[in-house]
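Enquirer: pasted the sequence and its predicted model underneath.
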Amino acid sequence: MNVFEAIKYIEEQVSHPEIGLPEEIFHFVSRHVPMVNVDLLIKDENKRTLLAWRDDEFAGTGWHIPGGIIRFKEKLETRIKKTAENEIGAIIKYDPEPLAINQVICQQDTRGHFISLLYKCFLPGNFVPINNLTENEPGYLKWHDYCPDNLVHVHDMYRKYI
């Protein structure tokens, strides 16, 4: 198989890149080009921050700011709304201008380079996540008065905002 046949085969595996890539292809692509993602700094009227628990081989274990990778031809606003819907289960208010833009380069190659756009978002403090998860399960959501010590290391750049 030559490179053109290999590319054709891979493209046949991706019927709708605007929806997302199969995991194996996403990991392959992430080893060759930076990923662009949105991160949602969700605050309430008491300045608390909504964080999610994470436990995976790439980011490690700890609290993280909810975020999502921008899909092919997807607008930033769409990814912000879909990330809130998928990770929080809520419609949020957000400032359309990024609060920060960061380059993240990790030691691993897979999922190892990101351009991250941080958006300031708002949810009322009476929002109670209903995702039937318990603390220490990936995706568990919790309001924080201050930045927890066990924030995932890739989000250390956000400590001053939490």
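Expert: Yes, it's here.

Enquirer: domains in the chain, as residue ranges please.
Expert: Residue ranges for the domains of the chain, per automatic domain parsing: 1-33, 34-161.

Enquirer: and the residue nearest the centre of the protein?
Expert: Gly67 (2.1 Å; CA atoms, centre = their mean).

Enquirer: so which strand or helix has the residue nearest to it when sequence neighbours are not counted?
Expert: Nearest residue to Gly67 in three dimensions, chain neighbours excluded: Asp39, at 3.9 Å (CB to CB, 6 or more residues apart in numbering). C-betas here are computed from N, CA, C, even on glycine. Asp39 belongs to strand 35-43 when assigned by DSSP states H and E.

Enquirer: show me what contacts the residue nearest to the centre of the chain?
Expert: By CB atoms under 8 Å, 6 or more residues apart in numbering, the residues touching Gly67 are Asn37, Val38, Asp39, Leu40, Thr83, Glu87, Ser116.

Enquirer: which residues does the second one bridge with?
Expert: With DSSP bridges applied, the residues forming beta bridges to Val38 are Gly68, Leu117.

Enquirer: next, count neighbours for it.
Expert: Val38 has 26 neighbouring residues, counting by other CB atoms under 10 Å.

Enquirer: thinking again about what came up before, tell me if I'm right that the residue nearest to Gly67 and Ile65 touch.
Expert: Yes - Asp39 is within contact range of Ile65, at 4.7 Å (criterion: CB atoms under 8 Å).

Enquirer: shared neighbours of the two, anything?
Expert: What both Asp39 and Ile65 touch, as defined by CB under 8 Å, 6+ apart, is the set Leu118, His155, Tyr158.

Enquirer: what's the most distant pair in the contacts of Gly67?
Expert: Farthest pair in these (CB to CB) is Glu87 and Ser116. Separation: 15.1 Å.

Enquirer: what segments of this protein are strands?
Expert: 35-43, 49-56, 60-64, 67-69, 93-94, 100-105, 113-122, 141-144 (DSSP state E).
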